[in-house]
Structures are given as structure tokens and as C-alpha cells.
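Visitor: Sequence first, then the predicted structure, then my questions.
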Amino acid sequence: MRDMETQLEKLLNDAEECALISKLATDMAKRELFARLSEHLKMLAMEVDRAIKEHKAAD
């Protein structure tokens with residue numbers, strides 16, 4: 001369980017970093033790419049969070 005929580009934290013941190021890079025990028029293609037990466041990582045984090053909650057509810 002702790003490994004899933006660790007992965008959740010990592011995904012959220014990576015999403016924040018991508019969002020920051022997107023805001024700082026001067027190249028529009030890179031800005032859009034990192035914005036999409038940030039959104040994708042947030043979605044993955046939501047799935048991991050859901051799995052953690054389901055696992056806890058099953059216990």
C-alpha cells in the first residue's frame with residue numbers, strides 16, 4: 001500500500017513540475033506538450049488515488 005501512496009505523490013509532483021515547465025516555456029509547442037503531460041499525470045494520479053481508496057475500503 002505504501003508503494004502506491006509513494007507513486008501517487010510522485011505522479012502529483014511530476015504533474016506540478018510539468019505545469020511549471022509549461023508556464024515557463026517560451027516555445028508554444030513545448031508549452032502545449034508539458035501542459036498535456038501535466039494533465040495526463042493528474043489523470044493517472046486520480047486513478048491511483050481511486051485504487052488506494054478501493055483497497056482501503058476492501059480491508
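Guide: Okay, I see it.
Visitor: From Lys10, how far off is the nearest residue to Ile21 once chain neighbours are set aside?
Guide: Nearest residue to Ile21, sequence neighbours excluded (Cβ to Cβ, 6 or more residues apart in numbering): Phe34, at 4.5 Å. Backbone N, C-alpha and C define where each C-beta goes, glycine included. Shown here: Phe34 relative to Lys10, a distance of 17 Å by Cβ to Cβ, to the nearest Å.
Visitor: in the longest helix along the chain, what's buried?
Guide: If you go by DSSP state H, the chain has its longest helix at helix 28-58. Across helix 28-58, burial judged by 16 or more other Cβ atoms under 10 Å covers 34-35, 37-38, 41-42, 44-45, 48.
Visitor: Ok, stretch 5-24 next?
Guide: Going by 16+ other Cβ under 10 Å, stretch 5-24 has these buried residues: 8, 11-12, 14-15, 18-19, 21-22.
Visitor: Pick the one among those closest to Ala58.
Guide: Leu8 (17.4 Å; Cβ to Cβ).
Visitor: quick one: that closest one and Glu47 touch, right?
Guide: No - if you go by Cβ atoms under 8 Å, Leu8 and Glu47 don't touch, sitting 9.6 Å apart.
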